[in-house]
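S.K.: Here's a sequence, model it:
(3 chains)
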Amino acid sequence: MQLSGLIITLIFTFISLFILALALPSARVNSRRSALSFLVPFSAFCVFAFATPSTEQVISLWESNSLPFNISFKYDGLAKLFSLLITGIGTLIFLYASAYMKNTKYTQRLLSFLLLFMGAMLGVVLSDNLLVLFLFWELTSISSFFLIGFKNEDDASQKSALQALSITGLGGLAMLGGFILIGEMAQTYSISQMLSHTDLILEHPWFVPALLLILLGAFTKSAQFPFHFWLPGAMKAPTPVSAYLHSATMVKAGVYLLARLNPIFSQSELWFILLTSFGGLTMLYAAFQSLYKTDMKAILAYTTVSALGVMVFLIGMGGEQAIVAVSLFILVHALYKAAFFMLAGTIDHETGTRDIRKLSGLGKSLPILFGIGMLAAWSNGGIPPSIGFVGKDLIYESTLNFQKFSYAPYILTAISWLTNSMLFAAGLLVGYLPFRKSSAPSHPDVHKPSLMLWLPPALLATMGIVFGVFPILVEGSIVNPVATAIAGVSIKTHLVLWHGFNTVLYISLATLSAGLILYLFFQKKTPNWVTVAEKYGPRQALHGIANSFISFSAWFTKTMQNGKLRLYLLVILSVLGSLLGYVVLRETTFVIDPQKLSEITIYEGITVGILITSIFLTLFSGSRLAAVAAMGVVGYTLCIIFVFYSAPDLAMTQFTIDTLTVILFVLVLYRLPRFIRLDFSPRHILDGVVAIGIGALMSIISLEVLHRSPVREISDFYAMNSYLLAKGKNVVNVILVDFRGADTLIEIVVLSIAAIGVYSLLKLRLRKNEKME
Amino acid sequence: MNTIILKTASKYLLPLLLLFSVFILLRGHYLPGGGFVGGLVAAIAFVLHAFANGLPETQRLMRIHPGFLMPVGLAIAFLSGIFPMLFDLPFMTGMWKKDPIPVIGSLGSALFFDIGVYLVVIGSSLTILFTISETK
Amino acid sequence: MEILLAVTIGLLYAAGIFLILRRSMVRLIIGLILLGNGANLLIFLLGRISKGKPPIIPEDSKVFTDLYADPIPQALILTAIVISFGLQAYAIILVKRAYRVTKTDDLEEMITTDEL
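M.R.: Sure thing, here's the model as predicted:
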């Protein structure tokens, strides 16, 4: 299929996904019909399967000249693999979920969130613009939040959902910062254009912070140590969700991002160090943890974290073999892990428990599930002829041939060997232990699962074997294009199941035997230091930070927001005064040019004298009436000053308003108590210092401004055009009703609002405690 | 404040002050004055009357609640802004009648806008003051 | 004269601020009014003061022939005066209403909004 055809289908798919996601919860669809919704992802899957990926072509939907926000997509090998996983496994999950959630409320809601997620996830893997990618990335976090908290009455679900959202959300925020830095460095937000500016980015001084921020986003999303703990918590979601979001697709978004940016960053030494160390630590730690869990989903969650660590580790190592290994491993892991999850879900659905201590002898009553479990464990352990065997071989090959530093092959191979052995043992715990022959089967006459509860995992598990026997099926169509996209250079490899007897095979055999030994002899008793590590681990650190933040805000609110107006004002005024003072005192020249000043006549002197006297009277009068009267005099003298200095309109307005204000005061005042008489106290001094300080600043500012030359362009425009354009000769009035008429219109609206406010405040029906008067 | 002098004076002052306020309003475009000052003078005229004769008397004289003047004034001001739009001109474009009229000068949309301001100012200040004197 | 007015502006500001920091609500409102007057006078002074030259075009001409006072500060202040009347009225009524509920005009005693 041509890419132009793909783009149309793409738009159609996106739109229909979102509309369906929006429409579903309101429509009362019965479960049989809601099962049909699998057709949406399925048709998208078909489109993606037949579309030919291209590393060159960028499909642009919308471009802007001014914004760095070009909505453009790219369908290369990496995008193809992820699109197929999202839609393919999505189809199966839809079928599975309709059966799994049959008798629960809100099945439609679940499906609609899944659709929303699917659209967002497709957006992440197809976007060629970093900012658009970020938008979709956040959308996946949000839909994941809704899905984890799907059992919204459950306290633990809410907590886990919030925890996942805060971790991935914080990481996403950091990542956005990194994206902007890198976008500014490269002068573009298009990923494909960045590839040609690699030098520009690598040599930029911002390179290290940008890299760290982006890694923070990728590591939180893909649950790398020490951010891993949200993923096991996310297992509170219904099992179909865990299978889909938290193992096969969403958590791989971080890995996807690393793979996508690998061509840009892979030259950097820091990239190698960080990815291999965090990936290596995560894969070891999580694999070890998984062995101590008893809940099937918890085991699977930790093995998922571990597998994600393996992927990060491989991308960090770089080199052709590691890249091919990770390309294949993403596919292999999605196949067997989704199968495992659905298996756990079906067992839970039929027996009512997921605790491996309470399950035994299911092989007889549920033979189909036993088969699925074995197939998945096969692929997981890398036993021939599964595709997992091919994948494991590639991993060992790449670690053995790694020559960056001395002893590197030994160290890296040892880490991988340990991790793989533990993962194999954990796989057996889920895929074999519940079905193992037992003298006292836990659920001898359990109900047989319906078709849709076993067919989807069976398909996935079988594919793991089919691909292993015929690796040619995925070699040209998936692994080579993906590896090419990750490496940034063309890679053509040939996958074979059987390499003959060589070192790699011996290591594989050692892995299997070590895994078997672990499985057989491992004690389920959690050692002390693991408990301690959990207790003082990163999750507790996060809780501690959150709690101390809460208590800090409580303290801050209590101190700063104590309800005393005076304190608020004092803080605001002091800050204002010091900022203003800093600027003013730095810039002021303190030069007064007597030439520019006008002289003082006797009338003006008397007027200002009265003004100043009344200010002091207002300040220090003990009687309310005297204070108000003095305040009125202040207004009237101002009015006289306006008369002196050519402002007749102002004088008239000030006069009338001042009169009305005094009337208003007198009407209200005599119903209020007298002034509180307080003795002179230190706070008077503090208030006085602040007041005099700001007053002095205002005086200095006004004198300083007078010293500079006035700007009168606007005034001159109004004055010149007052009659010519507006046929009025009183310029002030013309400005009010014509030039700036819209402002006046709003002003009279405000005035009306104030009047309505007064009216309603007074006419408001009195409450009980007011009627007591 | 029920003095005979004030009572008698206010009887003559009210119409006089109101006339004066209209005069101030109309000449505003050419000389000091305008809707704001005019409205305030008119408001003071009514307040003075209320002081002398008691609020009920003033309210009886006014017939309508002063609050009604606010929407009326706002509507006039707004319509004077809308009017030019009938002629495909932007909102609040000034428009004038060709021949000038004595005292007012050119009759234009700005005058109607000022009348709107005048009414709103009377309405809101009287609403405030009357409400306060009514409630104990 | 400008120096005298600048000092007056400073005094109005200082007095206004001192009053809004007091405990009595009536003083708070008087302080607000003084602050408003100070701000108006500041704007007026910044537009430069001149005597006997109102911004009104002479009767017999269509444009200014002589110097004229800056009309923009005047238009701004006129607006401010009218608006501050609305604000003051609202503040005064708020004080009155609050007093009827709490029986005090001491701001230190009104520290929770829930009582209102």
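S.K.: Residue A:85 should be in a strand, yeah?
M.R.: No: under DSSP: H, G, I helix; E, B strand; the rest coil, residue A:85 falls outside any strand and is assigned helix.
S.K.: contacting residues for it?
M.R.: Counting by C-beta atoms under 8 Å, 6 or more residues apart in numbering or on different chains, residue A:85 touches A:248, A:249, A:252, A:330, A:331, A:334. Every C-beta, even on glycine, is put in place using the N, C-alpha and C of the backbone.
S.K.: ok, the residue in chain C that chain B sits nearest to - how many residues close by?
M.R.: Residue nearest to chain B within chain C: residue C:89 (4.5 Å; C-beta to the nearest C-beta). When neighbours are defined as other C-beta atoms under 10 Å in any protein chain shown, residue C:89 has 26 of them.
S.K.: which bits of chain B sit near chain C?
M.R.: Listed as neighbours of chain C in chain B under the rule C-beta under 8 Å from any C-beta of the partner chain: B:30, B:31, B:32, B:36, B:121, B:124, B:125, B:128, B:132.
S.K.: so which of those also contact chain A?
M.R.: Contacts with chain A within these, as defined by C-beta under 8 Å from any C-beta: B:30, B:31, B:32, B:36, B:121, B:124, B:125, B:128, B:132.
S.K.: right, and the second one touches residue C:54 too?
M.R.: Read that as residue B:31. No: using C-beta atoms under 8 Å, residue B:31 makes no contact with residue C:54, being 9.3 Å away.
S.K.: Comparing the two, which shows the higher neighbour count?
M.R.: A direct count of neighbours by other C-beta under 10 Å for residue B:31 and residue C:54 places residue C:54 higher, at 23 against 17.
S.K.: Quick check: the two most widely separated of the contacts of residue A:85?
M.R.: A:249 and A:331 (12.4 Å; C-beta to C-beta).
S.K.: Now do the contacts for the residue of chain C closest to chain B.
M.R.: Here residue C:89 is in contact with A:664, A:754, A:755, A:758, B:128 (C-beta under 8 Å, 6+ apart).
S.K.: same deal with residue B:93?
M.R.: When contacts are counted by C-beta under 8 Å, 6+ apart, residue B:93 touches B:84, B:109.
S.K.: gap between residue A:634 and chain B?
M.R.: When distance is defined by C-beta to the nearest C-beta, to the nearest Å, residue A:634 is 18 Å away from chain B.
S.K.: Name the helix or strand for the closest residue to that residue other than its chain neighbours, please.
M.R.: Nearest residue to residue A:634 in three dimensions, chain neighbours excluded: residue A:614, at 4.9 Å (C-beta to C-beta, 6 or more residues apart in numbering or on different chains). Remark: residue A:614 resides in helix A:602-620, with elements defined by DSSP states H and E.
S.K.: With residue A:73 instead?
M.R.: Residue A:73 belongs to strand A:71-74 when elements are defined using DSSP H and E.
S.K.: still on that earlier bit, now the contacts of residue C:89 as JSON lines including neighbour count, secondary structure and pLDDT?
M.R.: Listed next are those as JSON lines, based on neighbours: other C-beta atoms under 10 Å in any protein chain shown; DSSP: H, G, I helix; E, B strand; the rest coil; pLDDT from 0 to 100:
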{"residue": "A:664", "neighbour count": "23", "secondary structure": "helix", "pLDDT": "86"}
{"residue": "A:754", "neighbour count": "23", "secondary structure": "helix", "pLDDT": "92"}
{"residue": "A:755", "neighbour count": "26", "secondary structure": "helix", "pLDDT": "92"}
{"residue": "A:758", "neighbour count": "26", "secondary structure": "helix", "pLDDT": "90"}
{"residue": "B:128", "neighbour count": "31", "secondary structure": "helix", "pLDDT": "89"}
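S.K.: ok, the residues you listed vs residue A:285, which is closest?
M.R.: For the contacts of residue C:89, the nearest to residue A:285 is residue A:754 (65.5 Å; C-beta to C-beta).
S.K.: what kind of secondary structure is residue A:493 in?
M.R.: Secondary structure state of residue A:493, per three-state DSSP, is coil.
S.K.: pretty sure it is touching residue A:320, no?
M.R.: Yes: shown here, residue A:493 and residue A:320 form a contact pair, counting by C-beta under 8 Å, at 7.4 Å.
S.K.: Pull up the overlap in contacts between these two.
M.R.: Joint contacts of residue A:493 and residue A:320 (C-beta under 8 Å, 6+ apart) are residue A:483.
S.K.: Contact distance from chain B - what residues of chain C qualify?
M.R.: Counting by C-beta under 8 Å from any C-beta, chain C sits next to chain B at C:54, C:56, C:78, C:82, C:85, C:86, C:89, C:93.
S.K.: Spell out which helix or strand contains the residue nearest to residue A:754 when sequence neighbours are not counted, please.
M.R.: Spatial nearest neighbour of residue A:754, excluding adjacent residues (C-beta to C-beta, 6+ apart): residue C:86 at 3.2 Å. Using DSSP H and E, the element containing residue C:86 is helix C:71-102.
S.K.: And for residue A:511?
M.R.: helix A:503-521.
S.K.: which stretches of chain C form helices?
M.R.: C:2-20, C:25-46, C:71-102 (DSSP state H).
S.K.: Kindly report the same for the stretch 451-600 of chain A.
M.R.: Along the stretch 451-600 of chain A, counting by DSSP state H, counting those that start in this stretch, helices occupy A:451-469, A:472-474, A:480-487, A:503-521, A:528-535, A:538-560, A:565-587.
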